[in-house]
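**Q** let me see the structure of the following:
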Amino acid sequence: MIIGPDDRRAYDMGPRFDVTFIHDDERSSVSEWWLEPGTQGPGFHQHPDDDLFFVLGGTMTFRLGDEEVDVGPGTFVRAPGGVLHDFENRGTERAGFLNVSVPGGFEGNMPGIAEWFKERDS
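**A** Numbers count the residues shown, from 1 in each chain. Next up, the predicted model:
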């Protein structure tokens, strides 16, 4: 499978987020998230399966259970299944990451997630 840049799907998350799905099927999901400075993530949440993040730019704050860490480009973060986690851009520049979920199917949740973020930001 080869997915070109024109085959990606963007979601309107309001003015503080840019989210684009690169790939999503029942086996895996890959999305790119960019957050403006001072943007909070969704709050503590958990998934039954691991949630994987790879920081592309800026400085992201990740919380995994009781651990909190600020990380920059090139950093890989794994939130193990069942562990409460969150992310946030506390920095002064735009920050982003790739998110990988296995199994996939995450994109089906995006209309509701996008609406939640837009309502929270208004």
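**Q** just confirm Val69 is within a strand.
**A** Yes: assessed with DSSP: H, G, I helix; E, B strand; the rest coil, Val69 lies in a strand.
**Q** wouldn't it be in contact with Met60 here?
**A** No: look at Val69 against Met60 with Cβ atoms under 8 Å: they stay out of range, at 9.1 Å. Glycine gets a C-beta too; all of them are placed from N, C-alpha and C.
**Q** neighbour-wise, which of these two wins?
**A** Between Val69 and Met60, Met60 has the larger neighbour count (other Cβ atoms under 10 Å), namely 26 against 11.
**Q** any chance you could map the helices in this structure?
**A** All helices of the chain, identified by DSSP state H, fall at 110-121.
**Q** where does pLDDT dip in this protein?
**A** 122 (pLDDT under 70).
**Q** where do the strands sit along it?
**A** Remark: strands assigned in the chain by DSSP state E are 9-12, 17-24, 29-35, 39-40, 51-57, 60-64, 67-71, 76-79, 85-89, 95-101.
**Q** tell me which of those sits nearest to Glu107.
**A** Among the strands of the chain, the nearest to Glu107 by Cβ to Cβ is strand 17-24 (3.7 Å).
**Q** in the closest one, which residues are buried?
**A** 17-19, 21-24 (16 or more other Cβ atoms under 10 Å).
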